[in-house]
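[1] Show me the folded form of this:
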Amino acid sequence: MLHVGGEVRILEPSADVEAALAGIDGLLLTGGNDVAPTRYGEAPHSTFVEAEPGRDEFELKLVAGARARNLPIFAICRGVQLLNVACGGTLVQDIPSQVAGALPHSLTVPPHESYSLAHEVWLDKGTLLSNLMGERLSDTDACDVNSRHHQAVKQAAPGLVVSATAPDGVIEAIEDPAASFCLGVQWHPENFWRTGEFRPLFEGFLEAAQRQR
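    Down below sits the predicted model:
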């Protein structure tokens, strides 16, 4: 967010949710470990990556509070999964074993290569995501993204719509068309802060947050 002029406030899970929400203009949900499957009514898959129950609980409450206040929300990687679960959706727990013909989505690379492109995603026309990306898209409304995840949105929550998918059908972005700004992407746009491919996403989020003042 700093690269587009935003101010960042880190919220610790020990913080009071109401006080935390009162002090921000928008909520940015970042990457991390898997969301506990019990949060969406499933038993853990054998590939489940260590849960962070305190973080899950805190962020679920943050999303609920932010949506009640219509605060802008931008969710990245684990963040888009958490957003979907918070709104009543479900997740694919392990893409390689649960999605037939899946592309390699969990590409682990050294940090300096985190901007390496893995596959393209197809954006739905008329969505917030598509409008933000605009002329940066190809003639087929696609763009290339990096990819470091083994889970994904399975069933989008009520009120959320799918705005991008990978060629294998894996959901790559969701949004709420009725909200002031509520967008989640499965890739890591922050890794491209030097080259600016996804700068419009952060600018759109920042502009929405500034309108809250």
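[2] Give me the residues contacting the helix or strand bottoming out on mean pLDDT in the chain.
    Counting by mean pLDDT, DSSP states H and E, the chain has its least confident helix or strand at strand 142-145, which shows a mean of 92. The contact list for strand 142-145 (CB atoms under 8 Å, 6 or more residues apart in numbering) reads 117-123, 133, 136-137, 172, 185-187, 189, 197. No exception for glycine: its C-beta is placed from N, CA and C like everyone else's.
[3] Now intersect these with the strands, please.
    Residues of the contacts of strand 142-145 located in strands (DSSP state E): 119-123, 172, 185.
[4] Now those residues in CSV, please, with extra columns for neighbour count, distance to residue 32 and pLDDT.
    Shown next, in CSV, are the ones in strands among the contacts of strand 142-145 (neighbours: other CB atoms under 10 Å; distance: CB to CB, whole Å; pLDDT from 0 to 100):
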residue, neighbour count, distance to residue 32, pLDDT
119, 19, 22, 90
120, 17, 25, 93
121, 24, 21, 95
122, 17, 26, 95
123, 23, 25, 96
172, 26, 18, 98
185, 23, 15, 99
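[5] so which of those comes closest to residue 14?
    Nearest to residue 14, judged by CB to CB, of the ones in strands among the contacts of strand 142-145 is residue 185 at 27.9 Å.
[6] so where's the protein shaky on pLDDT?
    1-6, 108-115, 136, 138, 140 (pLDDT under 70).
[7] I'd say residue 148 and residue 190 touch.
    No - using CB atoms under 8 Å, residue 148 is not in contact with residue 190; the gap is 11.9 Å.
[8] can you map out the helices along this structure?
    17-22, 53-68, 78-86, 95-98, 128-133, 199-210 (DSSP state H).
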